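> I need the structure of the sequence given here:
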Amino acid sequence: MQWQDEYSIGIQEIDSQHQELVRLFLQITESVAAELDWSEIHLRILQLGSFAEFHFKFEDALMRVFAYPESVEHAGFHEQFFAKLKVIEESAIVDEVRHDMVKLLLDWLFGHILVADKAYANFILGGAAVVRS
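Take a look at the predicted model:
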């Protein structure tokens, strides 16, 4: 899968981060397809997890600033991502990472972007007031 304009949510920084997440996913997919050593695949999974953690914290902060009413539910989606990623990470150590495992998580990401992330972007871009303390 490649990045397409339809995945853009209209917030440039978030769109750039989403593109980086897709790039990291594609590295994992390519590593699995090339049947690289488990340590190479595991390293790429850790890189994805690290960047995803940064990205999700960034999104969470943005939602707090704009008082997005669905922020708690959205954070739950992020927790689901890490649970699924952990299964893939453990598979890289004890067994193997299969292409379908990575594709399932990549599909989750695109679904998340197209639904949950677009929802908060529409809320923000629709004129949400910044919370002032």
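
> now for the helix or strand bottoming out on mean pLDDT in the chain, which elements pack on it?
One helix or strand of the chain scores below all others by mean pLDDT, DSSP states H and E: helix 99-112, with a mean of 84. Packing partners of helix 99-112 (3 or more CB pairs under 8 Å, 6 or more residues apart in numbering; DSSP states H and E): helix 12-33, helix 71-94. (Each C-beta comes from the backbone N, C-alpha and C, glycine too.)

> between the ones you listed, which one is nearest to residue 103?
helix 12-33 (7.4 Å; CB to CB).

> Show me the shaky parts of the chain.
Applying pLDDT under 70 to the chain flags the ranges 1, 94-96, 131-133.

> from the middle of its chain, how far away would stretch 20-29 be?
On the basis of CA atoms, centre = their mean, to the nearest Å, stretch 20-29 sits 10 Å off its chain's mean C-alpha point.

> most packed of the helices and strands packed on helix 99-112?
The highest mean neighbour count among the helices and strands packed on helix 99-112, using mean count of other CB atoms under 10 Å, belongs to helix 12-33: a mean of 17.

> Report the buried residues of the first helix or strand past it going along the chain.
For helix 12-33, the following helix or strand on the C-terminal side (DSSP states H and E) is helix 38-65. Across helix 38-65, burial judged by 16 or more other CB atoms under 10 Å covers 38, 41-45, 48-49, 52, 55-56, 59-60, 62-63.

> Hmm, residue 68 and residue 129 touching each other?
No - checked against CB atoms under 8 Å, the pair residue 129 and residue 68 is beyond contact range at 11.4 Å.

> And these two? Which one has more around it.
residue 68 (21 against 7; other CB atoms under 10 Å).

> Where does the more buried one sit: helix, strand or coil?
Counting by DSSP: H, G, I helix; E, B strand; the rest coil, the backbone at residue 68 sits in coil.

> The closest residue to it other than its chain neighbours is in what secondary structure piece?
Distance criterion CB to CB, 6 or more residues apart in numbering; nearest residue to residue 68, sequence neighbours excluded, is residue 120 at 4.9 Å. According to DSSP H and E, residue 120 maps onto helix 118-125.
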